[in-house]
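K.L.:
Structure of the sequence below:
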Amino acid sequence: MSPWAASIVCLGGSLPAHYRQVVMSPEPLISIVDDDEEVRDAVQTLLESAGHRTVAFASAEQFLASPAVSATGCLILDLGMPRINGMDLLERMRAGGYRIPTIVLTAHGTEAARERALRAGARAFLAKPFQVDILLEAVEASLRGPSDASDHPPSS
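P.N.:
Numbering: from 1, shown residues only. Next comes the predicted model:
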C-alpha cells in the first residue's frame, strides 16, 4: 500500500489535503507512471514548468490504488516496469472501461510493442530518450480530447 493510501485508511477514508487538491482541481491532471525515479522526476518537472498539473507514481500498483485514476486527463506510462508492466496496465485500464489518453515512453520499444500499445489505446509511443517538444506536443494533443490519426505525433 502506498504511503498516502495508508494515510487515507488512517483518516477513516478522507483524502489528505494534497490528494484532495490533486483530484478535485478543474485543471487536467497528468499522471506519470515510471519506475525510474530520474525519468519520473524529469518528466514531472518538465510538465510542471510548462504549466501542467501532475502527479507521479513509481509503479502501476501505486497508480491503480490512487484516486488519481479517475481524475487523470492524460497518462504518461513507462512500459518496462516490474510486476504490472506498462502494457499490462494499459490493457487492464482499457478492459476496465477507462479511456485515458496515454503516452507510452519506453527504452525497449519494438515495432510489435508500438503496435500493441496503439491497439490498446495509446495516443503516442515515444522512445527514451525522447525529444521534449514531441512529448509536450503529445501531451497537448491528448488533453485536447478525442482525436484521429492525424493528431498523433510521430513515434520516436
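
K.L.:
Okay, and the residue most central in space within the chain sits in which element?
P.N.:
Against the mean C-alpha coordinate of the chain, by CA atoms, centre = their mean, the closest residue is Leu75 at 2.4 Å. Leu75 belongs to strand 72-78 when assigned by DSSP states H and E.

K.L.:
Which strands or helices does the next helix or strand after that strand pack on?
P.N.:
Later in the chain than strand 72-78, the nearest helix or strand by DSSP H and E is helix 86-95. Helices and strands touching helix 86-95, by 3 or more CB pairs under 8 Å, 6 or more residues apart in numbering; DSSP states H and E, are helix 60-64, strand 72-78, strand 102-106, helix 111-119. Using the backbone N, CA and C atoms, a C-beta is placed for each residue, glycine as well.

K.L.:
Starting from the second one, tell me which strands it pairs with and how they run.
P.N.:
When you say that, I think you mean strand 72-78. Paired with strand 72-78 in the same sheet, following DSSP bridges, are strand 29-33 (parallel), strand 102-106 (parallel).
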